[in-house]
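Novice: Fold the following.
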Amino acid sequence: MLSKDVIVALIVGLLVVGAGSFIGHTLFATEVYDTGASSVTSATGSDQQPGTSTTAAIPQEPVWPAPLDTSEYNERLLALVDYVPPVQPTSSTSTASTTDLVYASSSNVTVVGEAWPPENPYPHGGAILPFQRIVAYYGNFYSRHMGILGEYEPAEVLRRLASTSAAYEAVDTETPVVPAVHYIAMVAQADAGTDGMYRNVMPEEHIEQAYSMVKEIDGILFLDLQVGLSSLQRELPQFRKYFTRPEVHLGIDPEFAMAPSGAAPGTVIGTFDATDINFAIDWLSEIVREHELPPKVLVVHRFTQNMVTNYQDIKPTPEVQVVMHMDGWGSKQLKRNTHARVIEPEPVQFAGVKIFYKNDLKPPSTGIFTPAEAVNLNPEPVYIQYQ
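Specialist: Residues are numbered from 1 along each chain as shown. Next comes the predicted model:
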C-alpha cells in the first residue's frame, strides 16, 4: 500500500506534465491565416514572444509618377544661369524686396526680367535634367564622315566616351554625367528613293547594336531622325517599340526637314515649326504615360534662326524635357556667337552644344572647346554632343 506522501507526489507530477503538454500544444497552434488581409502571422519565430504575432510585409508597387525634389530642381536651374541674388538692403528699416525669384506650385522658378530659366511644368521624378549632364557621342555606323560612331569600333568608342565623361565630371564635380550614344536612325539622302522622301531608315540590327552599347555602360540612347521630305508624324510611329524602353530618347534635326521648302536635303537648310516639335513631345509623352516611364529627353538641333519657328509655342511636358542644341561648327568665338544668337534669346527649357572633332578645327580655328569652356556658356549646356 502506497503511503500518503507518495500519492501526493504522483498527483503533482501528473499535473505538471499535463500543463506542459497543454502549453506546448498552444505554442504550435498560434499560426493564424488572416484571409481578410491576405497575410500570414506566426508566433513560432525564434525571437518571438508567446502570444504575439508578426505580419509579413506586402511588396508595394512603385509609385508613378515618382516624386520630384522641386527645391533641388530649382536650385540647379538657377545655377545653370549663374544666378546672383540681389544685394540685401543696408538699412534695417528698409521694406524693399530682397528677392527677384518667382515660384509656383506646378512650374519651375523664374527670375523677374530674365529669359532664363523659362517657366515650364515640373518634370516627373526620375528626370535626367538638370540633375545630370548628358555627354553623347554622335554618328552612324555606315559612315566615318557623320561622326565618331562610324570611325571606331564600339569598344574604342565606349573607351573614349568614358574618358570624355570623366573630364566633364572633373570640371563640374556637382553634376554627374550620364553617357549617351546618339545614333542617326534615319538619314537624309541625296537620292529621292522609291517614295520620293529623300531619307533612309537604318537596319534594326544597327539600332540594337547602339542599344547594346549603352546597356554596357549604364547609359542612354538617342535615336536621331532626319526626315527629308517626309514628316515626324509619318515617321515616328515605326520607331515606337524602341521608345517604350526607359533608356531610349529622341533627337530631331530641322536641318534635314525639307517639306516646307520642297528642296532636296543639303541644298538648303530645313526647318521645323513648333507644331512639329510639339507633335514629337506629345507623342513621347503618351508613351511615357502608357508605360509609366521616367521622363524622356528630346534634343532639337539648331544653328540658324529659321531652323526652328515659333519657339515660344513649344510646350515641354512633365513627361518630356526639351533641349535646344546648338550644333553649328567653327571656331570657338563663332560658336559662342551662334549660341548667343539662336539659343540665348529664344529660351525653351534647356540648352545643349555640339563639339566637332574635325570641323571645329578648320581655319581660322585654333582648337575645340575644352569641357571647361563648353560649360562656361550661358545658359550652361546640360547636353554635350561630340561628332
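Novice: pLDDT on stretch 266-273, on average?
Specialist: Summarised as a single mean, pLDDT over stretch 266-273 is 97.
Novice: Now it: buried residues?
Specialist: Ile269, Gly270, Thr271, Phe272, Asp273 (16 or more other CB atoms under 10 Å). Using the backbone N, CA and C atoms, a C-beta is placed for each residue, glycine as well.
Novice: From Trp283, how far out is the last one?
Specialist: Distance, Asp273 to Trp283, using CB to CB, to the nearest Å: 15 Å.
Novice: Per-residue pLDDT of His145, please?
Specialist: On pLDDT, His145 comes in at 89.
Novice: Hmm, I typed the wrong one, I wanted Val87.
Specialist: The model's pLDDT for Val87 equals 84.
Novice: How many residues are close by it?
Specialist: Neighbourhood size, Val87 [other CB atoms under 10 Å]: 7.
Novice: Let's see the pLDDT reported for the closest residue to Pro364 other than its chain neighbours.
Specialist: Distance criterion CB to CB, 6 or more residues apart in numbering; nearest residue to Pro364, sequence neighbours excluded, is Ser331 at 5.9 Å. You'll see Ser331 listed with a pLDDT of 96.
Novice: cool, and the one 3 residues further on?
Specialist: According to the per-residue confidence, Leu334 scores 96 in pLDDT.
Novice: okay, now it: neighbour count?
Specialist: By other CB under 10 Å, neighbour count at Leu334 equals 14.
Novice: Surely it is within a helix?
Specialist: Yes - using DSSP: H, G, I helix; E, B strand; the rest coil, the assignment for Leu334 is a helix.
Novice: my read: it touches Met326, true?
Specialist: No - in this structure Leu334 lies outside contact range of Met326 using CB atoms under 8 Å: 11.0 Å.
Novice: ok, and the closest non-adjacent residue to Val299?
Specialist: Distances taken as CB to CB, 6+ apart place Gly251 nearest to Val299, at 4.2 Å, with adjacent residues excluded.
Novice: Equivalent analysis for Leu68, please.
Specialist: Nearest non-adjacent residue to Leu68, counting by CB to CB, 6+ apart: Gly125, 4.4 Å away.
Novice: what helix or strand does Pro85 sit in?
Specialist: Using DSSP states H and E, Pro85 maps to neither a helix nor a strand.
Novice: Report how many residues lie close to it.
Specialist: Pro85: 11 surrounding residues under other CB under 10 Å.
Novice: Might you list the low-confidence residue ranges for the protein?
Specialist: 1-57, 91-97 (pLDDT under 70).
Novice: domain parsing for it?
Specialist: The chain breaks down into these domains under automatic domain parsing: 68-87+98-122, 123-386.
Novice: the strands in the stretch 151-300 of the chain, which residues?
Specialist: For the stretch 151-300 of the chain, the strands defined by DSSP state E, counting those that start in this stretch occupy 177-188, 199-201, 220-225, 248-252, 272-273, 296-302.
Novice: strand partners of the shortest one, parallel vs antiparallel please.
Specialist: Pairing partners of strand 272-273, with direction, according to DSSP bridges: strand 308-309 (parallel).
Novice: continuing past the partner strand, what's the next helix or strand?
Specialist: strand 320-326.
Novice: Need the CA coordinates for that following strand. PDB is fine.
Specialist: The C-alpha coordinates for strand 320-326 follow below in PDB (Å, rounded to 0.1, in the frame of the first residue of the first chain):
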ATOM      1  CA  VAL A 320       9.300  65.200 -71.900                       C
ATOM      2  CA  GLN A 321      12.300  67.500 -71.300                       C
ATOM      3  CA  VAL A 322      13.400  69.700 -74.300                       C
ATOM      4  CA  VAL A 323      17.000  70.600 -75.200                       C
ATOM      5  CA  MET A 324      17.600  73.200 -77.800                       C
ATOM      6  CA  HIS A 325      21.000  72.100 -79.100                       C
ATOM      7  CA  MET A 326      23.400  74.500 -80.800                       C
END
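Novice: Identify each buried residue in it, please.
Specialist: Applying 16+ other CB under 10 Å to strand 320-326 flags Val320, Gln321, Val322, Val323, Met324, His325, Met326 as buried.
Novice: quick one: which of those is nearest Lys362?
Specialist: When these are ranked by distance to Lys362 (CB to CB), Met326 comes first, at 17.4 Å.
Novice: can you pull the contacts of the closest one?
Specialist: Applying CB atoms under 8 Å, 6 or more residues apart in numbering to Met326 gives the contacts Arg302, Phe303, Lys335, Thr338, His339, Val342, Ile343, Ala351, Gly352, Val353, Lys354, Pro381.
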